Every structure is written in C-alpha cells, then in structure tokens.
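Asker: coordinates only, sequence not included:
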C-alpha cells in the first residue's frame, strides 16, 4: 500500500488529509492560512505540517507517492502559482513544497480538484465522465473525462460560471462579460434575483421581513412554502438549467454534480433544476443524472490525492 | 508503410480515399449512394469498391490497417448505424463491411470525422485540441482533445448546433428546443435572419431584388458592400460568436475551425466572428485562433483514416 497527502488550500484554512492509494482517508486536520507578507510562508507551513505527520507514522519514505494540492487560483506549467486572495503572483509553490518535504508535488485549482474528488470517491464514482458545478459566491466548475481533468488551452476548461446565458444583461460580470451564468446561479446572483423580484411587485412574502435577503434566506423561505421565494427559486433554477443544457450538448457528461454552499438547499433546488433541465436540454441528454455532491468540504482533499495518483 | 481506406458516406455520393498511414492521400474516387430499399445495399457497394481498389495495388493484405467510415447519423457501440436520410435503423454497418472486405472497420458520425480530419492533416495539425463548427443547412460540431474525439455519454459531445443562445426564441428547433445556435448560425438561419430584417424596415438593399434570399445571396451582397446585408451578417456572426464563447469557457480548445457551406463566405465572415468573439469570450480565451477549415470536402475522408489509425 502507498500513501499520499491531499491538501486543499483555502483563504482561511488549509485542509490536509493522509490517504491510502485505495481512497481511504486515514487522518485529516487543518492549519491556518497565513496570508501575511503576500502569503510567502504558506508553502513552508504546509511542508512543516506534512513532515510532522510523516514522523507520526512508521511508513518508509518510498511508501509516499507525494503531495497533491488544490489552490484558489491558477497553477502554471512551470509550477508557480497565482492566487489573488493569498497575495500570490507566480509564487514557486511546487518547488517550495518539494524542497521542504522531499516529496513529489502536483497541483491544480480548487474547482478542478473538487470535481476530481467527487469523481474518484464521491457521487461520481464508477462514471466515465463528470461535470461538477459549484454554486458558491461565484459559480465554478470542473470537467472530468476518463479520469482526467479537462484543463483547456488557456486553463479555462470547465469555467462554467462564464457561460453566457442572458444576452440582454446590462450588468457587468467579474470577468468583464455580460450575462454570465455566475451572475444568476451563484449565492450573489440568487440574492440579486430576489431583490429584483421583491422590488418588482408588492406581493406578500416572508422575505420582506428578513433583514438580509441572501441565498440561504431565499431557500429557507422556499422550504417554508413562501410563494414569492418559489418564483425566485424557479428563476434561479431556470438559469442554472440553461447552463447545464450547454454543458450537456458540448461535453455530454455521464453525470452532473452540484456542489458549493447553495447546493445545501437540497431537494427543492434539485427538483426544480431537473425539471427545467429536462425541458431545455438536447433530447439525447435529457436523462443525464443531476445529483448533489457527496464529499462536502473534503472534496478538494480527495481530488488532490486523486490528481497525485494520476501524475 | 501501412495503408487504409477513409470513407465519407453522404446522402448522394460516397467519397472514398486510399491513404498512407503518414497522411498522404494516394487516390480518391466517388461512388453513388444507393438509398433504395432502405439503404441496405450501401455496405456491399462500398465493400465492392474497396475490393476493386485493393486489386489495383500489389500491397499485401497485412499492409492494410482497415477502413474508417463517417456516416450521416449515429454509429452505436454494437456496430449498427442509424441514418434517417439513408433509411437506416440499426443497420449492421461494421459487420457488413468487415465480412465484405475482410478488413477491420471503424466508424463515427460525419461531423466528428471532419473534425478529426482537420486535426490530423488540416488546419488543426500540430494543435493539441480543436473544435470544428460546420455551418451548413444545420450547425454540426466535433471536439478533438489530445487526438481523441469527445463522444459524450449519449453521443451528444460536440452537438454545438444545439447550444441555447437565445432564451426568448418562440420558434422550435429541429431538436424540439428553442433558441438553439443552429436556428441562427446555419444557412437556413442566415436566410431567416435576412427575411426578418428585410421585412422589418424598407431600407434600400440589393437583396430586395434577389429572387431567393439564401445565405449565399446575403454574403455576396456583403462583399458588394450592401449595408443591409452587412447588418444581417453582423447579427448572424453575433450568434455564432456567442456559441463559440460557450465552447471556449467549457472546452477551451487551442483552435476553433469553421467549416461547411456558409464558411465559404470567407474573410467577411471571419472578420466579423473574430471581432464579436473577442468581445464576448472569457478573457483567458480571447486570443483563441478562429480559422477556416482547409480540407474542404475531403475532411471526412481524412478524419475516417485518422480514426482508423486511432483504433
């Protein structure tokens, strides 16, 4: 049996896991992400934590396959990384980790890692291909085909949040475009749709007495049976379904997985997305399963280990 | 040196080519497509033509890699094929060709074959990935990643014609959907946009004296400097650019290739598509080259041979 470290680097904490090559998670822990001084201490902090864990076990050095790491940004082919939230601009991540630990290190961005994790040991296990759409503050995505992540020529493979879905939009997306999926199908987009629809009429709604109408408030109101919240949810899911229909007639995956904070809405979200997807998707793909992610916050760690196994 | 046959089966003619494994086309010819009796004679006709060609050469049987064939429909994993225009419903294509010729036979649909052809020996040669969009009566597509065609879980990979681009559309697409790219960026779509715009106002245009306003008439008028035709072309290319932007932020290919009858419009089409694509594409992908296909009607034969080499 071989072992490896799956690392999910976030803006606040670093999630770390010791895995067996068969997918068993032996141990997991977290350390703080030190974003001071442009995040330069992060590789050494991760390296120390890995070395400390290695001392706890009696495995031989050659029993370790290495380290896989997911980062909130871009990893370039030369092993340097950019991550705005960490202050990284071409930080030599891979070489720093390798010299700190003596272990081979591979990496990718966190959305791709989460997709790899669900594919390897999550809800996508056993399928040949998978698309993960993460519904968080923004909308991220990862496309896995036959066990490999579709990176794209400019590392934009699976940038599902920037599928144009609303040609008439006047508001600008973070990417500079107009009418991107992320402008609607994210937590931010959900709140905006809610504010738009609440101000468009004066129908009674429990949402009118909520101090801050965010995505969670909307989905809580949906579950409580609020009619306005349900119309907001229908519109949110209509955009999401259109984005998934695009994914279906380009990549045509075996399974579509929804993750991220908004996916915690669960059944009321799934039911609506599935129903609207079946109406707009290309006929051959109408039966594509749409399911919730199953690994939660551990998906990134699992995907980092899976990427290490692939390397 | 090994040899193989690349066959492109169309509704009127069958294009056949004898290739060297290095991509050299030694000979090409055509036979008629016999669609009588539900197209049941087609495999035998192709088989006879292959056998007749083999007799002309002194190659050994083991010098032949086999036959690759592109069809205007679906080839199923069991080797049977459906093609509405030929009358095929689960016709045993692969086994018929193999028993008629004694040669290994592989196949795929014609849009995927054309993409493989451009990737192997056409304008995509040397790129790691390619998307071909064929602008004909409809809009077809093929996605090639690292030398392999993205088939998809339901053989809908690269069904670019059915990317939803116009949520407000009331007219129904051939697939049953509304607002698919094919409804605008095809020859049929071009003619419809022209009729819509010509009837919307009474601006003078040379197109008003054309007996049949089809895609060719529109692009001829664009080249002659007709202002209305240019506005029609801008709208046509706006839809196409939006579809290509979708392709860029999902698959992110190294190069985008335009083929099919409408692509013969050439520079006036390319210039407009590139300009509008650069405005709507995800920033990282704005520089993706958009070029015209280079193999013309031979692309399918080349792709069939490339698919044979991959098998």
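Answerer: Good, I have the coordinates. Small disclaimer: the values here were computed from a predicted structure and weren't measured.
Asker: low-confidence ranges in the stretch 151-300 of chain A?
Answerer: Counting by pLDDT under 70, the stretch 151-300 of chain A contains no low-confidence residues.
Asker: nearest residue to residue A:38 other than its sequence neighbours?
Answerer: Counting by Cβ to Cβ, 6 or more residues apart in numbering or on different chains, residue A:38 lies nearest to residue A:87, which is 3.8 Å off, once chain neighbours are set aside. For glycine as for every other residue, the C-beta is placed from the backbone atoms N, C-alpha and C.
Asker: what's that neighbour in contact with, if anything?
Answerer: Contact partners of residue A:87, counting by Cβ atoms under 8 Å, 6 or more residues apart in numbering or on different chains, are A:35, A:37-39.
Asker: same thing with residue A:170?
Answerer: residue A:178.
Asker: which residue ranges form the strands in the stretch 201-311 of chain A?
Answerer: With DSSP state E, counting those that start in this stretch, the ranges of strands along the stretch 201-311 of chain A come out as A:255-259, A:290-292.
Asker: pLDDT score assigned to the residue nearest to residue A:38?
Answerer: Note for residue A:87: predicted pLDDT of 94.
Asker: picking that back up, residue A:181: which of the strands of the stretch 201-311 of chain A is closest?
Answerer: With Cβ to Cβ, the closest approach to residue A:181 among those belongs to strand A:255-259: 12.7 Å.
Asker: closest point of the stretch 51-200 of chain A to chain B, which residue?
Answerer: residue A:152 (2.6 Å; Cβ to the nearest Cβ).
Asker: That residue sits in which helix or strand?
Answerer: Applying DSSP states H and E as the criterion places residue A:152 outside every helix and strand.
Asker: Which residue, other than its chain neighbours, is closest to it?
Answerer: Among residues not flanking residue A:152 along the chain, residue B:252 sits closest, at 2.6 Å (Cβ to Cβ, 6+ apart).
Asker: any idea how far the one you found lies from residue B:40?
Answerer: Separation of residue B:252 from residue B:40 (Cβ to Cβ, to the nearest Å): 43 Å.
Asker: So between the two, which is more surrounded?
Answerer: residue B:252 (25 against 15; other Cβ atoms under 10 Å in any protein chain shown).
Asker: wait, doesn't that one sit right on residue A:154?
Answerer: Yes. Using Cβ atoms under 8 Å, residue B:252 and residue A:154 qualify as a contacting pair, with a distance of 5.7 Å.
Asker: beta partners of the nearest residue to residue A:73 once chain neighbours are set aside?
Answerer: Excluding its sequence neighbours, the residue lying closest to residue A:73 (Cβ to Cβ, 6+ apart) is residue A:83, at 3.0 Å. Assessed by DSSP bridges, residue A:83 has beta-bridge partners residue A:88.
Asker: OK, contacts around residue A:91?
Answerer: A:38-40, A:43, A:80-83.
Asker: Also residue A:196?
Answerer: No contacts exist for residue A:196 under Cβ under 8 Å, 6+ apart.
Asker: swap in the one 4 residues further on?
Answerer: With contacts defined as Cβ under 8 Å, 6+ apart, residue A:200 is in contact with no residue.
Asker: and if you look at residue A:245?
Answerer: A:277, A:280-282, A:285, B:164 are the contacts of residue A:245 under Cβ under 8 Å, 6+ apart.
Asker: do that again at 10 Å, thanks
Answerer: Listed by Cβ atoms under 10 Å, 6 or more residues apart in numbering or on different chains, the contact set of residue A:245 reads A:163, A:165, A:276-282, A:285-286, A:288, B:162-164, B:177, B:180.
Asker: Drop anything exposed from these.
Answerer: Among those, the ones that count as buried by 16 or more other Cβ atoms under 10 Å in any protein chain shown are A:163, A:165, A:276-277, A:280-282, A:285-286, A:288, B:162-164, B:177, B:180.
Asker: got the domain boundaries for chain A?
Answerer: Chain A is divided into the following domains under automatic domain parsing: A:3-116+A:298-310, A:125-294.
Asker: Can you lay out these as TSV showing distance to residue B:105?
Answerer: Formatted as TSV, the domains of chain A follow (distance: least, Cβ to Cβ, whole Å):
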stretch	distance to residue B:105
domain A:3-116+A:298-310	33
domain A:125-294	24
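Asker: Relative to residue B:307, which of those domains is closest?
Answerer: Nearest to residue B:307 among the domains of chain A is domain A:125-294 (17.2 Å), distances taken as Cβ to Cβ.
Asker: Leaving out chain neighbours, which residue sits closest to residue A:280?
Answerer: residue A:245 (4.6 Å).
Asker: I misspoke; the intended subject was residue A:261.
Answerer: residue A:136 (5.1 Å).
Asker: Now do the contacts for residue A:176.
Answerer: Residue A:176 touches A:162, B:279-280, B:282-283, B:286, counting by Cβ under 10 Å, 6+ apart.
Asker: go on, residue A:302?
Answerer: A:6, A:8, A:17, A:19, A:23, A:25, A:68, A:70, A:113-114, A:116-122, A:295.
Asker: try residue A:65
Answerer: Residues in contact with residue A:65 (Cβ under 10 Å, 6+ apart) are A:2-5, A:19, A:21, A:103-104, A:106, A:305, A:308-309, A:311.
Asker: of these, buried ones?
Answerer: Buried among the contacts of residue A:65 (16+ other Cβ under 10 Å): A:3-5, A:19, A:103-104, A:106, A:305, A:308-309.
Asker: returning to what we had before: what about the contacts of residue A:65, which are in helices?
Answerer: Within these, residues falling in helices by DSSP state H are A:305, A:308-309.
Asker: which among those gets closest to chain B?
Answerer: For these, the nearest to chain B is residue A:309 (19.3 Å; Cβ to the nearest Cβ).
Asker: Go ahead and confirm that closest one touches residue A:68.
Answerer: Yes. Counting by Cβ atoms under 10 Å, residue A:309 does reach residue A:68; the two are 8.1 Å apart.
Asker: what do the two both touch?
Answerer: Counting by Cβ under 10 Å, 6+ apart, the contacts common to residue A:309 and residue A:68 are A:4, A:6, A:19, A:106, A:116.
Asker: ok, now which ones touch the nearest residue to residue A:50 once chain neighbours are set aside?
Answerer: Excluding the flanking residues, the one nearest residue A:50 by Cβ to Cβ, 6+ apart is residue A:101, at 5.0 Å. Residue A:101 makes contact with A:5, A:43, A:46-51, A:54, A:64, A:66-67, according to Cβ under 10 Å, 6+ apart.
Asker: for residue A:50, same thing?
Answerer: A:5, A:7, A:16, A:18, A:64, A:66-67, A:97, A:100-103, A:105 are the contacts of residue A:50 under Cβ under 10 Å, 6+ apart.
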